[in-house]
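Student: model this:
(one chain, ligands or ions: 1)
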Amino acid sequence: MTIHIGAEPGQIAETVLLPGDPYRAKWAAETFLKDVECVNQVRGMLGFTGTWNGHRVTIHGSGMGMPSLSIYANELITSYNAQTLIRIGSCGGMQKSVNVRDVIIAMTATSISTPSRGIFKEINFAPCADYGLLRAAADAAVARGTPTHVGGIYSSDVFYDERPDLNEQMIRHGILGVEMEAAELYNLAARHGRRALAVLTVSDHLITHEALPSEDREKTFGDMVEIALEAAFA
Ligand SMILES: Nc1nc(Cl)c2ncn([C@@H]3O[C@H](CO)[C@@H](O)[C@H]3O)c2n1
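Tutor: Modelled structure (predicted):
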């Protein structure tokens with residue numbers, strides 16, 4: 001057990017999918033895994049372990065924002081030996097070429113600050129995905145016919161952004177979408193020599209202001225889970 005995860009040693013698989021929402025973790029585990037066991041309920045941040053195609057997988061909520069993700073990813077890595085961590089979540093589209101329902105596979109994650117800022121100080125570290133996971137996820141997404149974009153995303157500390165100049169610069173430099181967790185996941189994976197990737201579905205759009213209807217969210221989320229699982233075990 002750790003401060004924030006009540007699982008016993010061995011109850012967490014080496015491959016962990018990390019949706020922000022714990023109830024998405026429950027839905028994904030019940031929908032895609034067999035022999036599902038709830039391995040964490042501490043503070044309502046649910047985690048489940050089961051098998052997919054014979055492989056052990058844990059699906060665990062990360063919460064919203066990099067501070068929350070940092071807590072769970074640190075404990076999953078250092079106390080439960082997680083080796084592959086794949087964030088599956090939603091993001092806001094930031095390019096006209098990106099449409100709501102599309103999948104974004106995050107090659108890099110730009111930010112103006114992360115929980116690792118204290119360590120990096122003046123180092124402008126480039127958080128990037130594991131190439132093997134990225135390539136396998138892109139192949140899986142294309143094979144399913146899902147409109148897919150591979151490139152940089154922006155990991156913001158705020159949902160209600162009071163700085164339009166930030167988004168302007170991100171859009172100007174080709175950033176595909178905005179979310180709130182991936183940069184710190186990539187920092188931690190680099191620090192601990194683990195594999196990490198973020199597979200995101202575009203649920204909102206900062207330019208067109210279109211939003212994914214709630215009835216479509218489950219289907220698009222399911223596509224992401226399957227892409228992540230295929231990439232993890234490719
Ligand atoms: N800043 C931000 N902006 C937009 Cl347009 C988002 N669309 C989805 N998310 C993700 O969903 C949650 C916020 O609703 C966060 O976990 C974040 O990663 C977004 N986060």
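Student: would G89 count as being in a helix?
Tutor: No. Counting by DSSP: H, G, I helix; E, B strand; the rest coil, G89 is not found in a helix; it is strand.
Student: next, work out how far apart it and the ligand are.
Tutor: In this view, G89 and the ligand are 5 Å apart by Cβ to the nearest ligand atom, to the nearest Å. All C-beta atoms are positioned from the backbone trio N, CA, C, and that covers glycine.
Student: tell me the bridge partners for that residue.
Tutor: For G89, the beta-bridge partners under DSSP bridges are L200.
Student: surely it is in contact with A198?
Tutor: Yes. Look at G89 against A198 with Cβ atoms under 8 Å: they come within range, at 7.2 Å.
Student: helix/strand/coil for V16?
Tutor: strand.
Student: give me the pLDDT value at it.
Tutor: At V16, the pLDDT value in this model is 98.
Student: thought it was touching T84?
Tutor: Yes. Using Cβ under 8 Å, V16 is in contact with T84, at 7.0 Å.
Student: looking at the two, which one has more neighbours?
Tutor: V16 (27 against 22; other Cβ atoms under 10 Å).
Student: so what's that one up against?
Tutor: Contact analysis of V16 by Cβ atoms under 8 Å, 6 or more residues apart in numbering lists V57, T58, I59, H60, L76, A82, T84, L85, I86.
Student: hmm, try it at 7 Å
Tutor: T58, H60, L76, A82, T84, L85 (Cβ atoms under 7 Å, 6 or more residues apart in numbering).
Student: N53 now?
Tutor: F233.
Student: just the one 3 residues further on next, same as before
Tutor: For R56, the contacting residues are A13, T49, by Cβ under 7 Å, 6+ apart.
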